[in-house]
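Peer 1: output the structure for:
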Amino acid sequence: MVLFIKILLSALIVVLLAIAVIKSIAGFVKLSMAARIAQKFQQQEVLMHDVQANFIGLESKGEQQTRGNGALLLTERELWFLRAKPKLELSIPMNNIKDFGLKKYHAGTSLGVPLLYVHFITETGEETVAWSVRKAEDWINSLESATGRPSDQSLQLPAI
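Peer 2: Numbering: from 1, shown residues only. Okay, here's the model as predicted:
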């Protein structure tokens, strides 16, 4: 019985250490993102931000692509996203945004919450990207203000 308790305590210590390491890495990633944001943007130019935006993906990449969390920022000039691993930086100028709104699915993925999507013009054509963000309705309102256009109401979801 004593041996079982020792093994159980050892396993618990290993689990707690693993959690501490994961939290440290997550904290480091957030700090490095914050540093990158501070390098690129002045605080007063940021209209909205979410450093835990869940990147659902680019429509052109289909269902088989790397999703992941990152920093999403909105300024009067652009909508900007940075994913830490694997690194992805996406900058969408306001003039290139065709429409935006909320939808349930994107690139074969649904998270059970409204997804913020943005349809935009690229150098090679058109693309759509989506994220799961906190305060999705606030993002819509801020994008409406920044672009001077209403969101695509046909795909907007009722308030939850």
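
Peer 1: could you list the residues in contact with the strand ranked longest in the chain?
Peer 2: Criterion DSSP state E: the longest strand present in the chain is strand 48-58. Strand 48-58 has contacts (Cβ atoms under 8 Å, 6 or more residues apart in numbering) with 30, 33-34, 37, 65-74, 81, 83, 88, 106-107, 109, 111, 115, 127-135, 138-139, 142. Yep, even glycine has a C-beta here, placed from its N, CA and C like the rest.

Peer 1: may I see the buried residues of it?
Peer 2: The neighbour-count check on strand 48-58 (16 or more other Cβ atoms under 10 Å) flags 48-51, 53-58 as buried.

Peer 1: wait, a helix at Gly112?
Peer 2: No - membership of Gly112 in a helix is not supported by DSSP: H, G, I helix; E, B strand; the rest coil, which gives coil.

Peer 1: put the buried members of the contacts of strand 48-58 into a ChimeraX selection.
Peer 2: Selection of buried members from the contacts of strand 48-58 for ChimeraX, criterion 16+ other Cβ under 10 Å:
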select :33,37,65,67,69,70,71,72,73,74,81,83,88,106,107,109,115,127,128,129,130,131,132,133,139
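
Peer 1: re earlier: list the strands paired with the longest strand of the chain, with their directions.
Peer 2: Next to strand 48-58 in the sheet, as set by DSSP bridges, lie strand 68-74 (antiparallel), strand 126-132 (antiparallel).
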